[in-house]
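> Please find the sequence and the predicted model below.
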Amino acid sequence: MIPGSFSYHRPASVADAVKLLSDLGEDARPLAGGHSLVPMMKLRLATPAHLVDLHGIAALKGIRRDGSNLVIGAMTTQHELLASGDVATTMPILHEAALLIADPQVRYRGTIGGNVANGDPGNDMPALMMTLGASYRLEGPGGTRDVAAADFYQGAYFTALEPGEILTSVSVPVPAAGHGYAYEKLKRKVGDYATAAAAVVLTMSGGKVATCSIGLTNVHETPLLAVDAAKAAIGTSLDAATLKKAAAAAEAIMAPAADARGPVEYRKHVGGIMVARALQRAAAVAK
């Protein structure tokens with residue numbers, strides 16, 4: 001339970017961090033909240049020779065409006081997200097989901113950037129960011145680029161990040177006023193990863209679903225957008241038959257692992273239930 005030896009670096013700017021990661025290569029790892037990396041180091045499953053601590057970079061922190069988008073710095077913690085009036089007012093689904101992440105101790109330290117950049121299929125924020133149409137700002141030795149959250153995840157723990165790149169911020173389009181939202185998460189106990197979870201953002205018009213986006217957490221090796229499930233809901237009043245059809249469409253793209261949270265068929269079944277519940281609750285919230 002004791003990590004191997006490593007050199008510690010604390011850059012003061014993104015440029016310095018990028019240079020360190022580029023110069024040190026595969027022997028270096030960036031450190032954000034540390035909830036994934038540090039336990040792996042303690043078990044000697046990760047043995048980086050260099051840690052590049054991002055906590056000294058002020059430019060990576062904070063939440064601000066940029067036109068019709070909300071921009072969240074990568075080193076903004078889950079606690080700071082929960083304390084943000086802008087988030088509570090414009091994107092309450094992020095507030096709702098953050099409250100379901102682990103416990104207060106973890107949320108005080110865990111960062112948005114770490115949650116979305118790690119590529120862990122059990123993390124809650126990636127599917128939400130895909131549902132909201134977010135994009136990630138990546139900065140590296142080759143310059144700056146923006147990647148849609150929907151294009152970022154390539155496999156479990158594999159992402160679009162190139163060597164030396166850092167995810168510096170998340171840009172999220174502000175949903176339409178009066179939108180409905182819900183994040184339904186089934187977990188074995190407080191603080192656990194989801195057995196299955198579903199995020200829904202929709203708008204209603206004349207008692208029917210006008211627009212809809214559905215994201216899925218921990219039912220595949222990457223977060224998923226349930227496009228066909230969302231299409232099944234649009235134009236309907238979300239009657240029982242529609243909910244069943246949308247749940248089935250979502251289950252059709254799920255491929256969860258059989259693990260301590262349950263066998264594959266069970267996790268797919270409860271995943272469909274999470275979709276139906278999230279759709280119903282989002283519609284109830286919509287104005």
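Noted; the coordinates are in hand. Residues are numbered from 1 along each chain as shown.
> who does the longest helix anywhere in the chain touch, helix- and strand-wise?
Scanning the chain for the longest helix, with DSSP state H as the assignment, gives helix 264-285. Counting contacts by 3 or more C-beta pairs under 8 Å, 6 or more residues apart in numbering; DSSP states H and E, helix 264-285 is packed against strand 180-186, strand 196-205, strand 208-217, helix 240-252. To be clear about C-beta, it is placed using only N, CA and C from the backbone, and glycine gets the same treatment.
> ok and that helix relative to strand 196-205, angle-wise?
Helix 264-285 runs at 30 degrees relative to strand 196-205, counting by axes from the mean of the first three to the mean of the last three C-alpha atoms, to 10 degrees.
> in helix 264-285, what's buried?
267-283, 285 (16 or more other C-beta atoms under 10 Å).
> got the CA positions of that helix in PDB?
These are the backbone C-alpha positions of helix 264-285, laid out as PDB (Å, rounded to 0.1, in the frame of the first residue of the first chain):
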ATOM      1  CA  VAL A 264     -25.000  -8.800 -17.900                       C
ATOM      2  CA  GLU A 265     -28.800  -9.300 -18.300                       C
ATOM      3  CA  TYR A 266     -29.600  -7.800 -14.900                       C
ATOM      4  CA  ARG A 267     -27.500  -4.700 -15.600                       C
ATOM      5  CA  LYS A 268     -29.100  -4.200 -19.000                       C
ATOM      6  CA  HIS A 269     -32.600  -4.700 -17.500                       C
ATOM      7  CA  VAL A 270     -32.000  -2.100 -14.700                       C
ATOM      8  CA  GLY A 271     -30.400   0.200 -17.300                       C
ATOM      9  CA  GLY A 272     -33.600   0.200 -19.200                       C
ATOM     10  CA  ILE A 273     -35.500   1.000 -16.000                       C
ATOM     11  CA  MET A 274     -33.200   3.900 -15.300                       C
ATOM     12  CA  VAL A 275     -34.000   5.300 -18.800                       C
ATOM     13  CA  ALA A 276     -37.700   5.000 -18.300                       C
ATOM     14  CA  ARG A 277     -37.500   6.700 -14.900                       C
ATOM     15  CA  ALA A 278     -35.300   9.500 -16.100                       C
ATOM     16  CA  LEU A 279     -37.600  10.200 -19.100                       C
ATOM     17  CA  GLN A 280     -40.700  10.400 -16.800                       C
ATOM     18  CA  ARG A 281     -39.000  12.600 -14.200                       C
ATOM     19  CA  ALA A 282     -37.500  14.900 -16.900                       C
ATOM     20  CA  ALA A 283     -40.900  15.400 -18.500                       C
ATOM     21  CA  ALA A 284     -42.400  16.200 -15.100                       C
ATOM     22  CA  VAL A 285     -39.800  18.900 -14.500                       C
END
